[in-house]
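Novice: Here you go, sequence then predicted model.
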Amino acid sequence: MPTIKNYNIKTKKYFIRQSVLSFLTLCFSSFIINAQNCPNNIDFEKGDFSGWTCYTGSVAAVGNANVISLYSSGGPAPDQHTMYSAAINGSLTDYYGGFPVMCPNGSRYSVKLGNNSAGAQAEGLSYEFTIPSDRNTYSLIYHYAVVFQDPNHLPFQQPRLELEIMNVTDNELITCSSFTFFPNGSPLPGFFMSPHSDSVAVWCKNWSAVTINLNGKAGKTIRLFFKTADCTFVRHFGYAYVDVNSECSSEFVGATYCPDDTAVNVTAPYGYQGYTWYNSTFTQVLGTQQTINFNPPPPPGTTIAVELVPFNGYGCLDTLYALMLDTLKLKANAGPDVISCNKNPVLIGAIPEPSVNYYWSPVTGLSNPGIANPGANPDVTTTYILTSQSSGGGCLTTDTVVVKASIIDSSMQLKGKSLFCINSGDSAVLEVQPTNSIQWIRNGSSVSGANQYIYKVTQSGGYYAALSNSDGCSINTRTENIVIESPRQGISYPIEYAVINLPFELQARTFGISILWNPSTYLNNPAIPNPLFTASEELDQLYSIDIKTAAGCLTVDIQLVKVIKEVKVYVPTAFTPNNDGLNDYLKPTMLGIKELNYFRIYHRGGQLVYDMKSNQSGWDGKIGGVVQTTGVFVWIFQGIGWDKQVHTQKGTVVIIR
């Protein structure tokens, strides 16, 4: 079996320069000699956060120090700990860096840590596990990719990423694998500028790797802690995508190969800046790429070594060894039979094994027939055949899986009208196709007892049906907005006074879509809200006004028009402002006046005590809020009549107490 040796261990801490942290992606590879099992859900393959502790908090500049304060959130916080699925988000790339949000290790799930909203937010994820007591040779490899925006802050004010690997048992920070990144002035080696920099430069770094050498730490508890924080000025943000590799075996893919392989590709851990392959005596360089090819395979028992150079000092120089053995056996795993609901993709297959080729048949309904775990959403129930084979041509094996296509017809029909008057005899009936379970919803709440495929609507609201079938699939119909209107109460308008032979504009209420004045006598247009009334003699004319709404509701209002010989203004000679509800306010009664210019009241000494310039309630007999005793006051009125003349009148009024 392979063994590990670590050379030239260096303790380094690097402060990342030039920019605000706007994106971080982390991905881990866990390798244990003699193929120990991975810690439970360290790879998120349960599709949840079990085993992980989620944190939220804030960041602040305290003195000249950056302080991140985190508290357990009791589970994933919305928009701060977000689970991504390869079946749904497999093609999604980061907006700034252009690299995939899913860790490129073939896993089913990755996690987004943080968001792109500033506000001095901080987020964290931690995982603790104990190395088996009999494993003194043990290592982890985590991967990261970062994107920085450049806000030009002081170092302790900058947003940041902290990667903290801790030996909890001995309270010892594993410094060779722990880093703090923050912007501080210039572009970093290995970074490139994002095409979405806009007015602020954004620097991106693609996936890189760091080895956590845990040799000699059998029985120790290890904690992985990853933190992101905004800038302390609450203007710039940071977020992360986190994943862990599910392959917990040797450091080398291909070190164990099939007996019938005709070639072998041996792959070193992903994400280092440089690779140099050697024979076991270091007397010959075999290659300088991440993957080295042997054709034909070397004899079983051959030992090879590779020197790993991390990016720009982010990690320690390592040399790893592997023993080449022809003992590999493969077993195709198409996964359990599953149901695809309403054409939603479901994952089939299993987590990919390194250096294995996958072929699915038929290809219809598959997101990618050439990977281990594609998304499947066939139109009809389909049996898929998976063929797995070593990249060297050996270990051919097959398996099958059935994907049941379960489709619920989510169409909904409206019979009747979506808008009608309650007393019109119209109705609204909604109908869906019969299925196992139906629940009608009104304005977001279930309608009690409404479980049939036909539903008669009796209240206004937004309606849809929640449908499910015996396969456990569910779907909602579209929403239909129903308005059932009740007619408004008719009213009588105040009496209007028109002058003989002068056009006078009437005004009805305007809540309907059609209107009709009855009779049409003396009106220029009886089908508008504001017709002109013109009469050549003194008379009283009573109108009924039919107002109809879009729903068909009819309201009938009443308007009486009195025709007078000339424009007149009446002002009482006395009033009693004693709050008895009778004659408490003084205001003019205007006959034939189109527009009031003013109605002013003066004290006998000439002091202006009231000025009405619109249709207000009138004077209440107070000056500056002080009740006036019995006395005489002078008023003056000015307005424009329907005869287009300015009418001015004066008079006196007595307050009676």
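Specialist: Right, received. Where do you want to start? What you see is a predicted model; the values in this text were computed from it and never measured. Residues are numbered from 1 along each chain as shown.
Novice: what comes up buried for stretch 213-225?
Specialist: Buried residues in stretch 213-225, counting neighbours by 16 or more other Cβ atoms under 10 Å, are found at 213-215, 217, 220, 222-225. C-beta here means a position set from N, CA and C on the backbone, and glycine is covered the same way.
Novice: What mean pLDDT does it get?
Specialist: Mean pLDDT, computed over stretch 213-225, is 88.
Novice: How far away from the center of its chain is that stretch?
Specialist: How far stretch 213-225 lies from its chain's middle: 38 Å, per Cα atoms, centre = their mean, to the nearest Å.
Novice: now stretch 70-87
Specialist: Offset of stretch 70-87 from its chain centre (Cα atoms, centre = their mean): 14 Å.
Novice: Tell me the span between the first and last residue of that stretch.
Specialist: 32 Å (Cα to Cα, to the nearest Å).
Novice: Now do the buried residues in it.
Specialist: Buried residues in stretch 70-87, counting neighbours by 16+ other Cβ under 10 Å, are found at 70, 73, 76, 80-82, 84, 86-87.
Novice: Narrow those residues to those in helices?
Specialist: 86-87 (DSSP state H).
Novice: Which one among the buried residues of stretch 70-87 sits at the bottom for pLDDT?
Specialist: Scanning the buried residues of stretch 70-87 for pLDDT, the low point is residue 87. It has 76.
Novice: Please name the nearest non-neighbouring residue to the spatially most central residue of the chain.
Specialist: Residue closest to the average C-alpha location in the chain (Cα atoms, centre = their mean): residue 79, at 7.6 Å. Closest residue in space to residue 79, ignoring its immediate chain neighbours: residue 115 at 4.9 Å, by Cβ to Cβ, 6 or more residues apart in numbering.
Novice: re the thing from before, pick out the most distant pair among the buried residues of stretch 213-225.
Specialist: Maximum pairwise distance in the buried residues of stretch 213-225, criterion Cβ to Cβ, is 21.2 Å, between 215 and 225.
Novice: so what's the closest residue to residue 366 other than its chain neighbours up against?
Specialist: Closest residue to residue 366 apart from its sequence neighbours, by Cβ to Cβ, 6+ apart: residue 374 at 4.6 Å. By Cβ atoms under 8 Å, 6 or more residues apart in numbering, residue 374 lies in contact with 87, 347-349, 360, 366-368.
Novice: Could you export these as CSV, including distance to residue 494 and secondary structure?
Specialist: Rendered in CSV, the data for the contacts of residue 374 read as follows (distance: Cβ to Cβ, whole Å; DSSP: H, G, I helix; E, B strand; the rest coil):
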residue, distance to residue 494, secondary structure
87, 70, helix
347, 73, strand
348, 77, coil
349, 80, coil
360, 81, strand
366, 76, strand
367, 72, coil
368, 76, coil
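Novice: What's the ChimeraX syntax to select whichever of these are buried?
Specialist: Per 16+ other Cβ under 10 Å, the buried members of the contacts of residue 374 correspond to this ChimeraX selection:
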select :87,347,348,349,360,366,367
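Novice: Pick out the lowest-pLDDT one from the contacts of residue 374.
Specialist: Lowest confidence among the contacts of residue 374: residue 87, with 76.
Novice: Could you list the low-pLDDT ranges of the stretch 51-200 of the chain?
Specialist: 105-106, 183-190 (pLDDT under 70).
Novice: How are the helices of it distributed by residue range?
Specialist: Ranges of helices in the stretch 51-200 of the chain, per DSSP state H, counting those that start in this stretch, are 86-89.
Novice: Identify, from the buried residues of stretch 70-87, the entry nearest to residue 256.
Specialist: When the buried residues of stretch 70-87 are compared for distance to residue 256 (Cβ to Cβ), residue 86 wins out at 25.9 Å.
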